[in-house]
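Undergrad: Coordinates for the following, if possible.
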Amino acid sequence: MTKLELYDCTLREGEQAAGASFSLENRVELFQLLDDFGFDFIELGWPIASVDIAKSFELCRNVRKRAKITAFGSTSIAPNVEEDKNLRSVIQSRADYACIFGKTSAEQVEKQLRITIQENLDRIFRSVQFLSKAMPVFYDAEHYFDGFKQNKDYALQTLLSAFSGGAERLVLCDTNGGILPFEAEEIIRTTRKFLDSRGIKVGLGVHFHDDCGLALANAISSLSYVTQVQGTINGMGERVGNLNFSEFIPVYVSKLHKPSEVKLKNIKEVNEKAFRLAGVDIPEARPFVGDSAFAHKGGVHIDATNKGARGYEHENPEDFGNKRIVLLNTLGGTAGVIAVANRFGYNLDKRDPEVVSRVEKLFAELKDLEQRGYRLGALEAEQFLLIEKHFGNLREFFNLESYNANTEKSSDREVTTFSGRYFFGKERVSDVISVNGGPIDAAFKSLKNVLSGRYPRIGGLKLADYHAGIARSSAEESTMRTVVYFSDGEDFKTVGVDSNIIESGVAALRKGFNFYLNKIYKQ
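TA: Next comes the predicted model:
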């Protein structure tokens with residue numbers, strides 16, 4: 001069986017998603033994550049598009065372990081391919097492979113390129129031939145499926161032109177994401193049969209967009225005919241996005257039992273870091289890798305899971321770097337509280353009147369938090385704080401009595417001064433700190449500065465990220481929900497909600513530090 005090639009294009013396609021962008025450092029870091037995960041090909045983008053993208057080729061070569069680096073481009077715009085700046089930039093990138101796209105649709109050739117369909121065939125041939133003298137070439141047949149349905153003979157001719165020019169892979173692209181699985185399978189099968197009838201054994205690839213939510217189904221339907229599948233690690237891409245490798249790879253390996261060298265247990269981590277590096281919010285509801293993918297909320301589901309009945313989970317969450325979560329919420333009943341408490345070392349008896357009483361008090365507090373928009377049921381740190389408060393011995397290691405955050409911003413600089421008054425029992429401590437950054441960064445550093453003198457083990461705690469959004473929408477009376485991401489080798493998150501956006505962040509920070517201290521200094 002021919003090994004399926006996994007071609008990741010997050011650094012180009014992913015950046016085309018609304019709100020996404022990568023700095024040069026982000027590009028190199030994501031490349032390393034994708035390389036270590038096990039992708040065969042990693043596309044770095046158009047070398048001609050920006051200075052950062054052009055620089056990334058050399059930087060990524062220096063840290064590359066195994067993946068082949070690919071540069072993207074288009075067929076020549078210049079009449080003379082040797083003078084085409086786009087193609088020359090691909091060669092100058094010194095990538096391992098080139099991947100260029102050309103037009104398949106006769107209508108687009110005439111209306112967008114404004115050349116004849118024969119000129120387009122010549123352009124495809126000459127562009128691939130020119131590049132193939134410097135490096136192996138993959139040819140992306142843009143709008144292939146639509147072009148095939150409009151004019152099958154011409155679509156096939158474009159592939160022959162690319163192959164004649166020296167293309168090593170012919171990649172069939174559903175550029176607008178509108179093809180259906182049965183159509184995709186039929187067109188790919190017909191294409192393969194056409195090439196085989198002419199003795200052309202070139203490998204086919206597929207590149208599906210997800211505008212109909214069918215990229216995964218289309219990719220699966222193509223597997224009998226293709227050598228290469230292209231996609232992005234988190235499905236990011238223009239409009240709705242691309243084939244999501246964080247869905248496709250688990251299905252390919254775990255459901256279809258196909259061989260692969262990827263580190264499947266790392267897929268959740270890579271998926272989420274790709275979102276963060278692109279500056280895009282991480283959705284909770286994601287198959288296989290989302291925080292809620294194996295989360296149980298209903299009492300019946302929780303009770304069954306507690307008793308070892310696995311009927312509510314289709315796979316083992318640990319296989320994908322994920323974990324089973326019992327959501328602490330008012331719908332889960334006593335079974336949910338008992339399951340969560342058990343994770344933190346408490347063996348509760350639901351028949352014990354004292355347990356029943358404490359559960360009722362916990363539910364009363366939880367109901368209030370839910371109504372205020374905390375949405376904390378899946379967050380382990382928040383679960384721990386509630387369980388310790390109602391069933392254990394939650395310590396308040398400190399109290400931030402009051403604070404003031406003042407930010408001064410000029411065109412090229414932001415400086416925040418944070419002053420806080422802390423209580424440690426009866427002892428009061430004041431701290432003032434100025435940082436190049438915003439109020440959350442300043443508050444974190446003030447807390448860490450004051451607390452590390454008393455609790456040295458807190459020195460390794462890092463502020464990994466934070467995200468602010470609406471907790472409850474009510475025009476100018478809306479409240480903000482800030483999630484703060486901490487890291488000390490193992491990530492955790494805490495939440496703050498307030499009508500003041502800074503206070504929502506500071507509240508989350510206070511809880512995060514208190515959680516960390518309770519965990520490491522728990523007696």
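Undergrad: for the stretch 51-200 of the chain, what spans make up the strands?
TA: Here the stretch 51-200 of the chain has its strands, by DSSP state E, counting those that start in this stretch, at 68-74, 97-103, 137-142, 169-174.
Undergrad: Kindly reformat the ones you listed as a markdown table containing mean neighbour count and distance to Ile220.
TA: Backbone N, C-alpha and C define where each C-beta goes, glycine included. What follows is the strands of the stretch 51-200 of the chain, written out as a markdown table (neighbours: other Cβ atoms under 10 Å; distance: least, Cβ to Cβ, whole Å):
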| stretch | mean neighbour count | distance to Ile220 |
| --- | --- | --- |
| strand 68-74 | 24 | 24 |
| strand 97-103 | 24 | 23 |
| strand 137-142 | 27 | 20 |
| strand 169-174 | 26 | 14 |
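Undergrad: On the three-state scheme, the nearest residue in space to Ser254 that is not next to it in sequence is what?
TA: Nearest-residue entry for Ser254: Glu315, 5.7 Å, with adjacent residues in sequence omitted and distances by Cβ to Cβ, 6 or more residues apart in numbering. Secondary structure of Glu315, reduced to three states by DSSP: H, G, I helix; E, B strand; the rest coil: coil.
Undergrad: Contact partners for Glu315?
TA: With contact set as Cβ atoms under 8 Å, 6 or more residues apart in numbering, Glu315 has these partners: Pro250, Ser254, Phe288.
Undergrad: any idea of the pLDDT on the first one?
TA: With respect to pLDDT, Pro250 scores 97.
Undergrad: With the last one instead?
TA: We note a pLDDT of 90 for Phe288 in this prediction.
Undergrad: isn't there a strand covering it?
TA: No: secondary structure of Phe288 (three-state DSSP): coil, not part of a strand.
Undergrad: Mind checking which of the contacts of Glu315 are buried?
TA: Using 16 or more other Cβ atoms under 10 Å as the burial test, the contacts of Glu315 include Pro250, Ser254, Phe288 as buried.
Undergrad: The last one contacts Glu318, doesn't it?
TA: No: with contacts counted by Cβ atoms under 8 Å, Phe288 stays clear of Glu318, the gap being 11.4 Å.
Undergrad: which residues sit against stretch 492-499?
TA: 372-376, 379-382, 385, 471, 477-486, 503-512, 515-516.
Undergrad: For it, the averaged confidence score.
TA: Regarding stretch 492-499, the rounded mean pLDDT is 93.
Undergrad: now do stretch 20-34
TA: Mean pLDDT, computed over stretch 20-34, is 96.
Undergrad: okay, it in CSV with CA atoms only?
TA: Once side chains and other backbone atoms are set aside, the C-alpha atoms of stretch 20-34 remain, and they are given as CSV (Å, rounded to 0.1, in the frame of the first residue of the first chain):
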residue,chain,number,x,y,z
ALA,A,20,-5.4,35.3,11.3
SER,A,21,-1.8,36.4,10.9
PHE,A,22,1.7,35.1,11.7
SER,A,23,4.8,37.0,12.7
LEU,A,24,8.1,35.6,11.4
GLU,A,25,8.7,34.0,14.8
ASN,A,26,5.2,32.5,14.8
ARG,A,27,5.9,31.0,11.4
VAL,A,28,9.1,29.3,12.5
GLU,A,29,7.5,28.0,15.7
LEU,A,30,4.5,26.6,13.9
PHE,A,31,6.7,25.0,11.3
GLN,A,32,8.6,23.2,14.1
LEU,A,33,5.4,22.0,15.6
LEU,A,34,4.1,20.7,12.3
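Undergrad: can you redo the contacts of Glu315 as a markdown table with distance to Asp35?
TA: Shown next, in a markdown table, are the contacts of Glu315 (distance: Cβ to Cβ, whole Å):
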| residue | distance to Asp35 |
| --- | --- |
| Pro250 | 20 |
| Ser254 | 22 |
| Phe288 | 21 |
